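Chemist: Sequence and predicted structure, then a few things I'm wondering about:
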Amino acid sequence: MKNILTIFKKELRSYFNSPVAYIVIVVFLIITGWFFTSNLFISGVVTMRNVFDIIPFIFLFFIPAISMRTFSEEKKSGTIELLLTKPITDMDIVVGKFLATLTLTATALALTLIYVVSLTFLGPIDTGSIIGAYIGLLLMSGIYIGIGIFASSLTENQVVAFIISFLIVFGLFLLNKVLVFLPPEFASVLEYISVDYHFSNIARGVIDSRDIIYYLSGITIFLLLTRTSLESRRWS
């Protein structure tokens, strides 16, 4: 745990010691803020639905962008070799970087709570669905980050890591949108694999163990794949 915390702090500092974190968070808030205010002032509806509908789309670009550097940058600079020689396990490195990136994403999400606070002054809100949506977004970001750091562990080129990560998360997101074109026997399987399907369930305020298990399993799988990628580099 101590090693994980060390990696976590180091990675988090690297985000906030550079303009990257601030630029990404500001852009994220500008986009979500526009959808929030347009829905509020144009439609006159007291809801967070528009914001929760657009954030999964933003995550398709936002998370690959912040996770692409996790291992690619260290590979390119050569510091990954030094890191792998330290008395620290590969899994400690992976989990530490994962938690730091998740914290950055959670920070961006937490700042949107100002929209929720604003709505409480304007009328009644559906607290259950709002809490569910935030839980769903955090879990969604977790699996996307797992994919992002896995892609980053495969190459020293950050652009390539971004493209690999984007293609995987976009594919998982899109599955739920193309079910009508597929035979019924395949549709149910692909629906369960779809990230957006599980988010839609949780965002309704219904916390189902099947959805939680899906996200936690996906995160675990990609973290283990990342560890395997690091181990293959250690022995190459």
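Modeler: Arrived safely.

Chemist: Beyond the lowest-mean-pLDDT helix or strand in the chain, next helix or strand please.
Modeler: Lowest on mean pLDDT, DSSP states H and E among the helices and strands of the chain sits helix 79-85, with a mean of 66. Using DSSP states H and E, the helix or strand that follows helix 79-85 towards the C-terminus is helix 90-111.

Chemist: Can you point out the buried residues in that following helix?
Modeler: By neighbour count on 16 or more other CB atoms under 10 Å, the buried set for helix 90-111 is 90-102, 104-106, 108-109. C-betas here are computed from N, CA, C, even on glycine.

Chemist: Now do stretch 221-228, average pLDDT.
Modeler: The average pLDDT for stretch 221-228 rounds to 93.

Chemist: Need the CA coordinates for that stretch. PDB is fine.
Modeler: Taking C-alpha atoms only, stretch 221-228 is exported to PDB below (Å, rounded to 0.1, in the frame of the first residue of the first chain):
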ATOM      1  CA  ILE A 221      -9.100  -7.200 -16.400                       C
ATOM      2  CA  PHE A 222      -7.400  -4.100 -17.900                       C
ATOM      3  CA  LEU A 223      -5.200  -3.500 -14.900                       C
ATOM      4  CA  LEU A 224      -4.100  -7.100 -15.100                       C
ATOM      5  CA  LEU A 225      -3.400  -6.700 -18.800                       C
ATOM      6  CA  THR A 226      -1.400  -3.600 -18.100                       C
ATOM      7  CA  ARG A 227       0.700  -5.500 -15.500                       C
ATOM      8  CA  THR A 228       1.200  -8.300 -18.100                       C
END
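
Chemist: Need the residue closest to the centroid of this structure.
Modeler: What sits nearest the mean C-alpha location of the chain, by CA atoms, centre = their mean, is S141, with 2.1 Å.

Chemist: Identify the residue nearest it in space, chain neighbours excluded?
Modeler: Distance criterion CB to CB, 6 or more residues apart in numbering; nearest residue to S141, sequence neighbours excluded, is T105 at 4.5 Å.
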